[in-house]
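K.L.:
Next input, structure requested:
(one chain, ligands or ions: 2)
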Amino acid sequence: MRALDRVSLEIGEGDFLSIMGASGSGKSTLLHLLGGLDYPTSGEIFMGDQPMSKMSDDQITVFRRRKIGFVFQFFNLLPTLTAEENIALPLLLDGKRLNDVRPRVERMLDLVGLRRRAGHKPDQLSGGEMQRVAIARALVIDPMLLLADEPTGNLDSKTGEDILHLIKRTAEQKNLTVVMVTHDPKAAAYGDRILVLKDGVIASDDHMGMAVGA
Ligand SMILES: Nc1ncnc2c1ncn2[C@@H]1O[C@H](COP(=O)(O)OP(=O)(O)O)[C@@H](O)[C@H]1O
Ligand SMILES: [Mg+2]
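P.N.:
Numbers count the residues shown, from 1 in each chain. Ligands and ions are numbered 1, 2, ... in the order given. Take a look at the predicted model:
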């Protein structure tokens with residue numbers, strides 16, 4: 001099974017790339033490769049000028065933990081932890097102490113508008129609120145890259161729009177690079193570039209808004 005075939009692309013710092021394509025076209029596989037969650041059988045992925053194939057598993061783990069934020073369709077929050085603890089988790093896993101990171105976590109709660117939900121567990125939050133927590137958790141490490149796989153796939157359209165606005169606004173403020181997988185053309189339009197995959201191959205790669213090239 002060839003999930004991706006001859007896929008070659010360059011993603012610039014601060015770009016917002018949307019990836020579209022039918023189910024099974026390789027979108028998640030591409031995102032996982034970019035996040036070091038999966039490895040290509042051939043080819044190379046560079047982070048800046050660093051080839052990922054030359055990094056050890058430990059280096060990739062640390063790189064992922066410190067530089068890449070992930071947001072998923074089903075939020076993937078830990079049910080036994082509060083919103084605040086879920087957000088703090090990537091920093092705690094990196095050896096930091098809750099007391100030391102609390103100001104940073106509170107800034108994240110403010111960023112996503114959930115300061116008053118800090119002590120709530122996921123089952124006490126709405127879908128949109130859970131996704132806000134997930135975004136805060138992804139951003140608390142101050143990543144260089146935000147990877148989002150169908151982040152609005154499980155939300156109603158109004159809540160989905162709020163989430164997309166939040167991602168877009170934050171990305172612009174922080175010059176964050178975003179790669180977002182989505183089925184929804186309206187969601188994809190938040191990107192400044194839309195890549196369409198078909199059966200593991202790039203079917204189109206359109207830069208929106210401004211003309212690119214000569
Ligand atoms: N771990 C795996 N092992 C084997 N095949 C897989 C695996 N993950 C995905 N695939 C297959 O690779 C193709 C691309 O999958 P995926 O990247 O998940 O697509 P999408 O996210 O676009 O729906 C599909 O045909 C899928 O069945
Ligand atoms: Mg997928």
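K.L.:
give me the residue from this structure nearest ligand 2.
P.N.:
At 3.2 Å from ligand 2, Ser28 is the closest residue in the chain, using Cβ to the ion. Where you see a C-beta, it was placed from the backbone N, CA and C, and this is true even at glycine.
K.L.:
Sticking with that residue, tell me its helix or strand.
P.N.:
helix 27-34 (DSSP states H and E).
K.L.:
which helices and strands does that helix pack with?
P.N.:
strand 16-20, strand 145-149, strand 177-181 (3 or more Cβ pairs under 8 Å, 6 or more residues apart in numbering; DSSP states H and E).
K.L.:
Give me the next element, helix or strand, following that helix.
P.N.:
Toward the C-terminus from helix 27-34 - assigned by DSSP H and E - lies strand 46-47.
K.L.:
Tell me the strands beside that following strand, with direction?
P.N.:
Partners of strand 46-47 in the sheet, by DSSP bridges, are strand 50-51 (antiparallel).
K.L.:
in the protein, which spans are helices?
P.N.:
Along the chain, counting by DSSP state H, helices occupy 27-34, 57-67, 83-93, 98-111, 127-139, 157-174, 185-188.
K.L.:
Residues contacting the shortest one, please?
P.N.:
Going back to what we said before, that points to helix 185-188. Residues from elsewhere that reach helix 185-188 (Cβ atoms under 8 Å, 6 or more residues apart in numbering): 18, 20, 152, 157, 160, 164, 180, 182, 194.
K.L.:
ok, now which ones touch the fifth one?
P.N.:
Yep, that's Gly160 we're talking about. When contacts are counted by Cβ under 8 Å, 6+ apart, Gly160 touches 152, 184, 187.
K.L.:
ditto for the first one
P.N.:
When contacts are counted by Cβ under 8 Å, 6+ apart, Ser18 touches 180-182, 187-191, 193-195.
K.L.:
and the gap between the most centrally placed residue in the chain and Asp38?
P.N.:
Centroid-nearest residue in the chain, with Cα atoms, centre = their mean: Leu147, separated by 2.2 Å. The span separating Leu147 from Asp38 equals 12 Å under the rule Cβ to Cβ, to the nearest Å.
K.L.:
With Val140 instead?
P.N.:
24 Å.
K.L.:
buried subset of the contacts of helix 185-188?
P.N.:
Among those, those classed as buried by 16 or more other Cβ atoms under 10 Å are 18, 20, 152, 160, 164, 180, 182, 194.
K.L.:
Which two among those residues are spaced furthest apart?
P.N.:
Gly160 and Ile194 (17.1 Å; Cβ to Cβ).
K.L.:
any idea of the pLDDT on Met1?
P.N.:
For Met1, the model assigns a pLDDT of 88.
K.L.:
Can you tell me which residues in this structure are near ligand 2?
P.N.:
For the chain, the contact set with ligand 2 under Cβ under 5 Å from the ion comprises 27-28.
K.L.:
Any regions of the chain where pLDDT drops low?
P.N.:
209-214 (pLDDT under 70).
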